[in-house]
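K.L.:
Give the three-dimensional model of this entry:
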Amino acid sequence: MIKYLYTIDYPHGERQEYLAWIRSIAPTLQAPEEVRRVASR
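P.N.:
Coordinates of the predicted model:
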């Protein structure tokens, strides 16, 4: 299994709102193409 990590900067003082937004879009995030290529070998 290959895991990947996204690093995300959020606006100063808006951490909770930004994390809520990330949680709302997290199911739609995809592995970068290069990770999919390596995983399929």
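K.L.:
Distance check, residue 17 against residue 30.
P.N.:
The gap separating residue 17 from residue 30 is 24 Å, by CB to CB, to the nearest Å. Quick note: C-beta positions are derived from backbone N, CA and C, even for glycine.
K.L.:
Give me the more crowded residue out of those two.
P.N.:
Neighbours per residue (other CB atoms under 10 Å) separate residue 17 from residue 30, with residue 17 holding more: 11 against 7.
K.L.:
Can you say which helix or strand has that one in it?
P.N.:
Here residue 17 sits within helix 15-25, counting by DSSP states H and E.
K.L.:
Which strands or helices does that helix pack on?
P.N.:
Contacts defined by 3 or more CB pairs under 8 Å, 6 or more residues apart in numbering; DSSP states H and E place helix 15-25 against no helix or strand at all.
K.L.:
Let me see the mean pLDDT of that helix.
P.N.:
Throughout helix 15-25, pLDDT has a mean value of 86.
K.L.:
Over to stretch 30-41?
P.N.:
66.
K.L.:
Could you do stretch 4-12 as well?
P.N.:
The average pLDDT within stretch 4-12 is 76.
K.L.:
Span of that stretch from start to end?
P.N.:
25 Å (CA to CA, to the nearest Å).
K.L.:
buried sites along that stretch?
P.N.:
For stretch 4-12, a neighbour-count test (16 or more other CB atoms under 10 Å) marks nothing as buried.
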